[in-house]
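Enquirer: Just a sequence and a predicted model for now, questions to come.
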Amino acid sequence: MTVAATLTDVTVRFREHTALAGVTTSIAREGITGLLGRNGAGKTTLLQLLTGHRVPTSGRVEVLGAAPYENDDVLRRVCFVKEGQRYPDHFRVRDALAAAATLFPEWDEDLARSLVADFELPARRPVKKLSRGMVSAVGITIGLASRAPVTLFDEPYLGLDAVARQLFYDRLLADYAENPRTVVLSTHLIEEISGLLEHVLLLDSGRLLLDDDADDLRAAALTVTGPADRVAALAAEHDALSVETLGGASRAVLRLRRRVEPAELVPAGMTAEPTPLQQLVVAMSLRRRPAAAVRTADPLEEVSR
Ligand SMILES: Nc1ncnc2c1ncn2[C@@H]1O[C@H](COP(=O)(O)OP(=O)(O)OP(=O)(O)O)[C@@H](O)[C@H]1O
């Protein structure tokens, strides 16, 4: 795999709070990576490292072969579309796009224009007068039209309606197919984007829980339902992320350690279905952090995780 970015044993601490703890991973030069995790998991912090907005407390960050912090040569090839992006007060939509065009050497003006039309953005309206979803559409337009070799979207669709989000996914896929590059998409709308992803990074409390090819993940995640004893026996052989039992029947979310054939399940009265990515992520995040572990006597006390 040709690599666009690497993090090596990266830790970020804010006083006593650890936002990222010993994260090591590589991001492929061509691929759409989903950066997933619960609120506060460390997604934005990781993206800030990749865009030189932050330096790690310890460890090494490299983007396009060099440390990104204060490195113009790297940063002009990186586009960061963040939630709630602010623009100068007097900027109209067209000014925001014109400014972006000067920043990114590979800016595609035709693509920008067609996205403005698709999102029905009023080019002459001041950005500060736009609705929240429209501001997100401006960010998405900049992210896609930048054609930056490394494009990072941090929950880019605040306020975007379902139609506009679908438009974003369609245009991202179409443009990516023609111009493969590094795209990282941090999101909570896992189900919506799961079909887009080639790779998945799942953070939980600053630790990397998953760093896998999306197809491998799909192939290895199975939800099995059937007689409790049979399900328990199967679960014991695999990585059981969750098992719910009601009466004599159980339902288990498994990460498989070996291939499971229908011939093994059907005679034992079990049925299996692929586990959607969202369910897998929820099961893994909950298993990592059982409710009792995060509860304190006083929930308003600061907890150092
Ligand atoms: N400047 C800061 N000072 C102190 N703590 C911070 C700072 N920035 C982030 N944190 C903490 O670090 C943790 C990770 O934050 P981060 O914004 O990276 O999470 P996230 O996964 O992007 O969350 P969300 O999905 O809610 O946007 C959180 O607990 C957050 O409160």
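Expert: Now that the structure is in, tell me what you want to look at. Bear in mind the structure is a predicted one, so any value in this text is a computation, not a measurement. Residues are numbered from 1 along each chain as shown.

Enquirer: Can you pull the phi and psi angles for Asp204?
Expert: Backbone torsions of Asp204, given as degrees, to the nearest 10, read phi -150, psi 120.

Enquirer: now do Val127
Expert: Per degrees, to the nearest 10, the residue geometry at Val127, taken as phi and psi, is phi -60, psi -40.

Enquirer: So it versus Phe14, what's the distance?
Expert: To Phe14, Val127 is 30 Å away according to Cβ to Cβ, to the nearest Å. To be clear about C-beta, it is placed using only N, CA and C from the backbone, and glycine gets the same treatment.

Enquirer: Those two: who's more crowded?
Expert: For Val127 against Phe14, the residue with the higher neighbour count under other Cβ atoms under 10 Å is Val127, and the figures read 21 against 9.

Enquirer: Wait, the more buried one touches Arg94, no?
Expert: No: between Val127 and Arg94 there is no contact, the gap being 9.9 Å when judged by Cβ atoms under 8 Å.

Enquirer: so what's in contact with the two at the same time?
Expert: Applying Cβ atoms under 8 Å, 6 or more residues apart in numbering, one finds that no residue jointly contacts Val127 and Arg94.

Enquirer: is stretch 79-89 anywhere near the ligand?
Expert: No: interface with the ligand: stretch 79-89 contributes nothing (Cβ under 6 Å from any ligand atom), its closest point being 7.1 Å away.

Enquirer: For that stretch, give the mean pLDDT please.
Expert: What stretch 79-89 shows for mean pLDDT is 88.

Enquirer: Quote the end-to-end distance of that stretch.
Expert: 21 Å (Cα to Cα, to the nearest Å).

Enquirer: start at 367 instead
Expert: Done: numbering now begins at 367, and the last item shifts to stretch 445-455.

Enquirer: outside of that stretch, which residues touch it?
Expert: When contacts are defined by Cβ under 8 Å, 6+ apart, stretch 445-455 is touched by residues 410, 413, 416-417, 419, 461-462, 470, 492-494, 501, 504-506, 508-509, 512, 514, 516-522, 524.

Enquirer: try stretch 552-567
Expert: By Cβ under 8 Å, 6+ apart, the list of residues contacting stretch 552-567 from outside reads 391, 393-394, 397-402, 409-410, 413, 518-521, 523, 531, 535, 538-539, 551, 574, 576-581, 583, 642-644, 647.

Enquirer: Buried subset of the residues you listed as a PyMOL selection?
Expert: One line in PyMOL is enough to select the buried ones among the contacts of stretch 552-567; burial here means 16 or more other Cβ atoms under 10 Å:
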select buried, resi 391+393+394+397+398+399+400+401+402+409+410+413+518+519+520+521+523+531+535+538+551+574+576+577+580+583+643+644+647
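
Enquirer: Surely Leu631 forms part of a strand?
Expert: No: the assignment for Leu631 (DSSP: H, G, I helix; E, B strand; the rest coil) gives helix, which keeps it out of a strand.

Enquirer: Just the buried residues of the helix or strand that contains Thr611, please?
Expert: Element membership of Thr611, judged by DSSP states H and E, is strand 605-612. By 16+ other Cβ under 10 Å, the buried positions in strand 605-612 come out as Ala606, Leu607, Ser608.

Enquirer: Tell me the helix or strand right after that strand.
Expert: The helix or strand immediately downstream of strand 605-612 is strand 615-621, counting by DSSP H and E.

Enquirer: Could you export that following strand as PDB, CA atoms only?
Expert: In PDB, the C-alpha atoms belonging to strand 615-621 read as follows (Å, rounded to 0.1, in the frame of the first residue of the first chain):
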ATOM      1  CA  ALA A 615     -32.900 -18.100  22.200                       C
ATOM      2  CA  SER A 616     -29.800 -15.900  21.700                       C
ATOM      3  CA  ARG A 617     -28.600 -13.400  19.300                       C
ATOM      4  CA  ALA A 618     -24.800 -12.800  19.100                       C
ATOM      5  CA  VAL A 619     -22.700 -10.300  17.200                       C
ATOM      6  CA  LEU A 620     -19.500 -12.100  16.300                       C
ATOM      7  CA  ARG A 621     -16.200 -11.200  14.700                       C
END
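
Enquirer: Pairing partners for that strand, with directions?
Expert: Sheet partners assigned to strand 615-621 using DSSP bridges are listed as strand 587-593 (antiparallel), strand 605-612 (antiparallel).

Enquirer: What's the first helix or strand after the shortest one?
Expert: Counting by DSSP H and E, the next helix or strand C-terminal to strand 587-593 is helix 594-603.

Enquirer: List the contacts of that following helix.
Expert: Counting by Cβ under 8 Å, 6+ apart, the neighbours of helix 594-603 from elsewhere in the structure are 590-591, 609, 611, 614-618, 620, 623-624, 626, 631, 634-636.
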